[in-house]
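In: Dropping the sequence and predicted coords here.
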There are 2 protein chains.
Amino acid sequence: MRKGDLTRQAILARATGLASKAGLEGVTIGALAAELELSKSGLFAHFHSKEALQLQVLEHAAAQFVEHVIRPALAEPRGEPRLRALFERWLDWSQSSPLPGGCLFVQASVELDDRPGSVREHLVGIQRQWLGVIATSLQKGVEAGAFHDRADPEQFAHDVYGVMLAYHHASRLLRDPQAETRARRAFETLLSGARAAH
Amino acid sequence: MRKGDLTRQAILARATGLASKAGLEGVTIGALAAELELSKSGLFAHFHSKEALQLQVLEHAAAQFVEHVIRPALAEPRGEPRLRALFERWLDWSQSSPLPGGCLFVQASVELDDRPGSVREHLVGIQRQWLGVIATSLQKGVEAGAFHDRADPEQFAHDVYGVMLAYHHASRLLRDPQAETRARRAFETLLSGARAAH
DNA sequence: GCAGAAAACGAACGTTCGTGCTAATCTAGT
DNA sequence: ACTAGATTAGCACGAACGTTCGTTTTCTGC
């Protein structure tokens, strides 16, 4: 039972990268099998359906995201340092080598926003959690007095997500070399809007 | 030669709506033909290739966008009124009935950011123009003294695009009933950040 | 109203899609 | 080393993909 899990993990790693470029629907059994030098049926046997494969890809990516972004950022002190760490690691994540097509969640969000089903529901759950992490991080900062108490955590999370999406658009589609600079500037503006007057 | 252009227009209208839901690649000749009660081959003859169809869909949508968003907004007076009109009409556009799947350009941007070709190039051109319209509108406001002269038009355009993308994410994927409110609030914050102190 | 052009059709093509079967091969526990 | 069970391969399927072809229907200009 060991070997199976190993190949399954290898499949998911490749599938995640492929999905970042071609979307979850673009992760085709044939192409994936060819990349991994497996037979279509041999690969398929691990998942029993394409939907199950998509769900596991999403779960795999979410676990990676927690590991690469959330967990290390939560080690930073509350307030600005933690928020900055979340943002910087998020930027880094969407450029990381296992995601040659950019952030998988951005791709999947647009792809699934109109296709009902369990994959969509799963993605919605993941995104809500992530927005929750950002909002909570700001809220903690408010309680610690780093941000003024009119700062709206949910609005802030929403706005930061917008900065990230704009970055994705500028860097991936427009290939704007200033995309990263612009993203950081926008984020700093958001931060200073929430900062408590001293 | 009259009838042909008429059906071609009807095809493009349907295709635009379909593309907003399923993406440009999801605009399949068969499905489109079925919706319009045409034969695959009869429809195909109008375009000679799928790529040409996609290009024309993009062009069709761009023309609609100019008509529904840009042109009426440019009739507003410079400065805040014009920027507000651009934003409001943009919001309206992405909810309009010919786009049941939301803004086609958002969908296409994510879909094409990794697929080279003429369709991608065309989309990039459209998006650059649109960002240019926003930036120029702010610049005109700066010159008129409505905004302070440290306001960066390109950064502003980039940020407004982010607000729009976040709105799309919140409303389409998360089905957040507050999406519109959040988008307006974020836009107002951007505006007041550029406003000249009096 | 007729001739010629334009437009739509129906059938077929080669591929690729996801998904089943069955058979062969490999791995782990004894 | 042997065997039970897990893992992979081989092959086939029906459907859908974009595209081509030759034919038929439907327009349009005189």
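Out: In hand now; what should we look at? In this text, all values refer to a predicted model and were calculated from it rather than measured experimentally.

In: quick one: A:Ala108 and A:Ala62, what's the gap?
Out: Computed as Cβ to Cβ, to the nearest Å, the A:Ala108 to A:Ala62 distance reads 11 Å. C-betas here are computed from N, CA, C, even on glycine.

In: So the two - more neighbours on which side?
Out: A:Ala108 (27 against 20; other Cβ atoms under 10 Å in any protein chain shown).

In: That one: which element?
Out: Assigned by DSSP states H and E, A:Ala108 belongs to helix A:104-112.

In: need the strands for chain A, in chain order.
Out: Using DSSP state E, chain A contains no strands.

In: shaky segments in it?
Out: By pLDDT under 70, the weakly predicted segments of chain A are A:1, A:4, A:198.

In: What residues does it have near DNA strand C?
Out: For chain A, the residues in contact with DNA strand C under the definition Cβ under 7 Å from any atom of the strand are A:1-3, A:27-31, A:40-41, A:44-45, A:48-51.

In: Show me how to select, in ChimeraX, the buried members of these.
Out: Typed into ChimeraX, the line below selects the buried ones among the residues of chain A next to DNA strand C, using 16 or more other Cβ atoms under 10 Å in any protein chain shown:
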select /A:27,29,44
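
In: Of the residues of chain A next to DNA strand C, which belong to helices?
Out: Secondary structure from DSSP state H places A:2-3, A:29-31, A:40-41, A:44, A:50-51 of the residues of chain A next to DNA strand C in helices.

In: quick check, nearest of those to DNA strand D?
Out: Using Cβ to the nearest atom of the strand, A:Ser41 is the member of these that sits closest to DNA strand D, with 2.7 Å.

In: A:Glu37 - how many residues pack around it?
Out: Each residue near A:Glu37 was counted by other Cβ under 10 Å, and the total is 6.

In: Tell me who's in contact with it.
Out: The neighbourhood of A:Glu37, defined by Cβ atoms under 8 Å, 6 or more residues apart in numbering or on different chains, contains no residues.

In: I'd like the distance between it and A:His46.
Out: Following Cβ to Cβ, the distance that separates A:Glu37 from A:His46 is 15 Å.

In: Mind listing what's buried along stretch A:102-115?
Out: Buried residues in stretch A:102-115, counted by 16+ other Cβ under 10 Å: A:102-114.

In: Of the residues you listed, which ones also sit close to chain B?
Out: Filtering the buried residues of stretch A:102-115 for neighbours of chain B using Cβ under 8 Å from any Cβ of the partner chain leaves A:102, A:106-107, A:109-114.

In: Buried residues, stretch A:134-143. List them.
Out: Of the residues in stretch A:134-143, those scored as buried under the neighbour-count criterion (16+ other Cβ under 10 Å) are A:134-135, A:137-142.

In: Check stretch A:81-90 too.
Out: Residues of stretch A:81-90 classed as buried by neighbour count (16+ other Cβ under 10 Å): A:82-87, A:89-90.

In: Can it be said to contact chain B?
Out: No. Stretch A:81-90 does not reach chain B (Cβ under 8 Å from any Cβ); its nearest approach is 13.3 Å.
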